[in-house]
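Enquirer: only the shape, not the letters, is given here:
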Ligand code: DGL
C-alpha cells in the first residue's frame, strides 16, 4: 500500500478526461492535478519550450510527494517522455503507449488514423509506436490545431457549425483512407468525441488516450495502490474561474475538490 498521491498534468483542461477515468477505476486514489492554463496550448510550441514546461510541471507536482505522474497530455507525452523518464525517480506514465496498445487491439483491417496537435503529429510518436508493434499497418495522420482552442472555448456540440466544419476538413483524408480505428491523440479531443463519431461513423473505433492511460496506471506493477477514500486537489497557473466553470464537462461530473492557483515562479 502506498498512500501518496498521483500527480496528473496537462496544458489545461484536457487532462481532466484522464482524471475522470482514474476516479472511476481507482476510486481510492488521491490525485493532485495541475493544468498549465497560463501557457496553454503546448501543441503549437517547439520542442525545447515543451520540454521546459513539462519539467516545471513535474517539479511542481513532485512538491506533493507523489508516487507517480500521469502525463495526461498527448503533446507532452509525444515530445518529452522518451527523454525525461530517466530524470525522475518515480514512474511517469504517458498517453502514447496505452493508446497505441488499445488501437492495436481494436483494429481489424490494420488501418489506423491518428489525430493530435501539430507538435504531436510532427513528433510521429504514435506512428512509431504502432509500427514497432504492427509493422505492416497503414497509418494516416492529421494535425488538428484548431480543436484545442475550440474545446477551450466551449464549442463542443456536434451540431456546432464551426466545430463540424473543422472536423470535416481535418478528418476527410483519414475517413477516405478507410481506417477502422482512430486515436484521438490529444486529451482534449474526447470532449468532441460526438462530433468526431458523427463524421467518422459508428464502425470506426475511437481511442480515448486518457482512458487508456488510466487503465495502464491501474495495471502498473510499479505503482502500489492507496487504500481509503479518493481525495482530489486541482491547481492551475491562471484563470481559476474559467477552469472551475468548464471542469465538470471534462470530468463528466461535478468538480469535487479545491481549485487553487499554483504558487509557481513564472
Ligand atoms: N491536452 C493536450 C494534448 O493532449 C493539449 C495540447 C495543447 O495544449 O496544445 O496534446
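Expert: Received, thanks. None of the values given here were measured: they were computed from a predicted structure. Residues are numbered from 1 along each chain as shown.

Enquirer: residues in this structure within reach of the ligand, list them.
Expert: Within the chain, the positions lying close to the ligand (CB under 6 Å from any ligand atom) are 10-11, 14, 40-43, 73-75, 117, 120, 148, 186-188. All C-beta atoms are positioned from the backbone trio N, CA, C, and that covers glycine.

Enquirer: which of these sit farthest apart?
Expert: 40 and 120 (14.4 Å; CB to CB).

Enquirer: looking at those two, which one has more neighbours?
Expert: More neighbours surround residue 120 than the other of residue 40 and residue 120, with 28 against 24 (other CB atoms under 10 Å).

Enquirer: the protein: helices as residue ranges?
Expert: Secondary structure of the chain (DSSP state H): helices at 16-25, 47-62, 74-79, 81-84, 96-106, 118-123, 125-133, 147-152, 161-176, 193-200, 209-219, 240-251.

Enquirer: please identify the most buried of the ones you listed.
Expert: Neighbour counts (mean count of other CB atoms under 10 Å) averaged over each of the helices of the chain peak at helix 74-79, with a mean of 32.

Enquirer: tell me the helices and strands packed up against it.
Expert: For helix 74-79, the packing partners by 3 or more CB pairs under 8 Å, 6 or more residues apart in numbering; DSSP states H and E come out as helix 47-62, helix 96-106, strand 111-116, helix 118-123, helix 125-133.

Enquirer: for these, give me CSV that also has distance to residue 152 and mean pLDDT.
Expert: CSV is the format used below for the helices and strands packed on helix 74-79 (distance: least, CB to CB, whole Å; pLDDT from 0 to 100):
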stretch, distance to residue 152, mean pLDDT
helix 47-62, 17, 97
helix 96-106, 21, 98
strand 111-116, 16, 98
helix 118-123, 16, 97
helix 125-133, 22, 97
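
Enquirer: can you tell me which of these is nearest to residue 248?
Expert: Closest of those to residue 248 is helix 47-62, at 22.6 Å (criterion: CB to CB).

Enquirer: okay, now the unreliable bits of the chain?
Expert: 222, 264-266 (pLDDT under 70).

Enquirer: returning to that earlier point: can I get the helices and strands packed on helix 74-79 in a markdown table including distance to residue 209?
Expert: Putting the helices and strands packed on helix 74-79 into a markdown table (distance: least, CB to CB, whole Å) gives the following:
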| stretch | distance to residue 209 |
| --- | --- |
| helix 47-62 | 16 |
| helix 96-106 | 4 |
| strand 111-116 | 9 |
| helix 118-123 | 10 |
| helix 125-133 | 9 |
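
Enquirer: which residue sits closest to the residue nearest to the spatial centre of the chain, ignoring its sequence neighbours?
Expert: With distances taken as CA atoms, centre = their mean, the chain has residue 187 as the residue nearest its mean C-alpha position (2.9 Å). With sequence-adjacent residues excluded and distances taken as CB to CB, 6 or more residues apart in numbering, residue 187 is closest to residue 14, at 3.8 Å.

Enquirer: state the distance from the one you found to residue 147.
Expert: Distance, residue 14 to residue 147, using CB to CB, to the nearest Å: 10 Å.

Enquirer: what touches both of these two?
Expert: Applying CB atoms under 8 Å, 6 or more residues apart in numbering, one finds that residue 14 and residue 147 are jointly contacted by 186, 188-189.

Enquirer: nearest to residue 48 among the residues you listed?
Expert: residue 186 (20.4 Å).

Enquirer: give me every residue that touches the nearest residue to that closest one once chain neighbours are set aside.
Expert: Leaving aside its sequence neighbours, residue 186 sits nearest to residue 74 (CB to CB, 6+ apart; 4.3 Å). Residue 74 is in contact with 43, 95-96, 116-117, 120, 185-187, 209, counting by CB under 8 Å, 6+ apart.
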